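J.: need coordinates for the following:
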Amino acid sequence: MDEMKYLDLERTAEVHIPEGLEERLSMKIDQWAKDEERHTVPATETKTPARSISARFRLYRNIAIAACLSALICIAGITTLDDKVDIAHRDTFDNPELARIEAEKALYLLAYNLDKGMRHLEKAEDITVKTRHTLNNTLTLK
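T.: Reported below is the predicted structural model:
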């Protein structure tokens, strides 16, 4: 599991972020904050429902824009990662003979454990048949 975390970190290090993106986002957020300050009503004034709704609408609109921008950045990062060679899915064996031997070992282990499970299943089936037979005998005697 640690290897998968390492591979994910290794892949995210390759994501290209355009130059100046952080500054542009900061400037846009600052601009939104200034717009928000200009359009807010001081606490001494009484707010009308229309003003509070429009301020709330602007806030939600700004949050939606920020969410869309972050989603676009994530999608761009994912598409650039898909273009790279996937390290996690490359072949683990360069020698076909070693790969065959390891595959046989895995299949033998699977067969052994499957056989062991089938033996337990057969024992359970024998117990079920004996129980059913005893139950039928008991019910027919009465």
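J.: what's the model's confidence in stretch 96-105, averaged?
T.: For stretch 96-105, mean pLDDT is 89.
J.: run through who's touching that stretch.
T.: Thr92, Phe93 (CB atoms under 8 Å, 6 or more residues apart in numbering). Every residue, glycine included, has its C-beta placed from N, CA and C.
J.: how about the helices in the protein?
T.: With DSSP state H, the ranges of helices along the chain come out as 2-12, 21-39, 49-83, 96-141.
J.: turn the ones you listed into a markdown table, columns for mean neighbour count.
T.: As requested, these are arranged in a markdown table below (neighbours: other CB atoms under 10 Å):
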| stretch | mean neighbour count |
| --- | --- |
| helix 2-12 | 10 |
| helix 21-39 | 11 |
| helix 49-83 | 12 |
| helix 96-141 | 10 |
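J.: least reliable of those helices by average pLDDT, please.
T.: When I compare the helices of the chain, helix 2-12 is least confident, with a mean of 58.
J.: show me how this structure divides into domains.
T.: 1-90, 94-142 (automatic domain parsing).
J.: from Glu97, how far out is Ala124?
T.: 41 Å (CB to CB, to the nearest Å).
J.: swap in Ile73?
T.: Distance from Ile73 to Glu97, by CB to CB: 46 Å.
J.: same check, this time on Arg58
T.: Distance from Arg58 to Glu97, by CB to CB: 68 Å.
J.: over to Ala71?
T.: 48 Å.
J.: please consider this matter closed, and thank you.
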